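Asks: test case, fold it:
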Amino acid sequence: MSPSFFEIVQLSDGDYALKRVDDESAPLVKISFSQEARELMENRDMTVARAMIDAGIQAVSHINDAVDWEDADPEDFELHAHHTLH
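Replies: Predicted structure coming up:
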């Protein structure tokens, strides 16, 4: 299997997305900022979106490193309600 390459793009609606370079299907991740947030970031929204995606990738990597997937119990990974962090 060949390695996948990813890119962060700005969509036509102004949102940012992480997608595979060679794949036109739906993006893996989308980030949307309100107009107020964009103004507070003073045109640095792409930098913030990139940092958010990078943090997510690192978090997944740490989770994958910490779990022995062969011995893991599927019930330990049940879907939970969405939470808002403040």
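Asks: who does the helix or strand of the chain with the lowest mean pLDDT touch, helix- and strand-wise?
Replies: Sorting the helices and strands of the chain by mean pLDDT, DSSP states H and E puts helix 45-66 at the bottom, at a mean of 87. Helices and strands touching helix 45-66, by 3 or more CB pairs under 8 Å, 6 or more residues apart in numbering; DSSP states H and E, are strand 6-10, strand 16-20, strand 29-31, helix 35-41. Every C-beta, even on glycine, is put in place using the N, C-alpha and C of the backbone.
Asks: next, the angle strand 16-20 makes with that helix.
Replies: If you take axes from the mean of the first three to the mean of the last three CA atoms, to 10 degrees, helix 45-66 sits at 50 degrees to strand 16-20.
Asks: contacts for helix 45-66, please.
Replies: 8, 10, 16, 18, 29, 31, 33, 37-38, 41 (CB atoms under 8 Å, 6 or more residues apart in numbering).
Asks: where does this structure have low pLDDT?
Replies: In the predicted model, the chain carries pLDDT under 70 at residues 1-2, 66-86.
Asks: one more time with 80
Replies: The chain contains residues with pLDDT under 80 at 1-3, 62-86.
Asks: just give the nearest non-adjacent residue to Leu11, would you?
Replies: Counting by CB to CB, 6 or more residues apart in numbering, Ala17 is the residue found nearest to Leu11 once chain neighbours are left out, at 5.6 Å.
Asks: isn't the one you found right up against Phe6?
Replies: No. Taking contacts as CB atoms under 8 Å, Ala17 lies outside contact range of Phe6: 10.2 Å.
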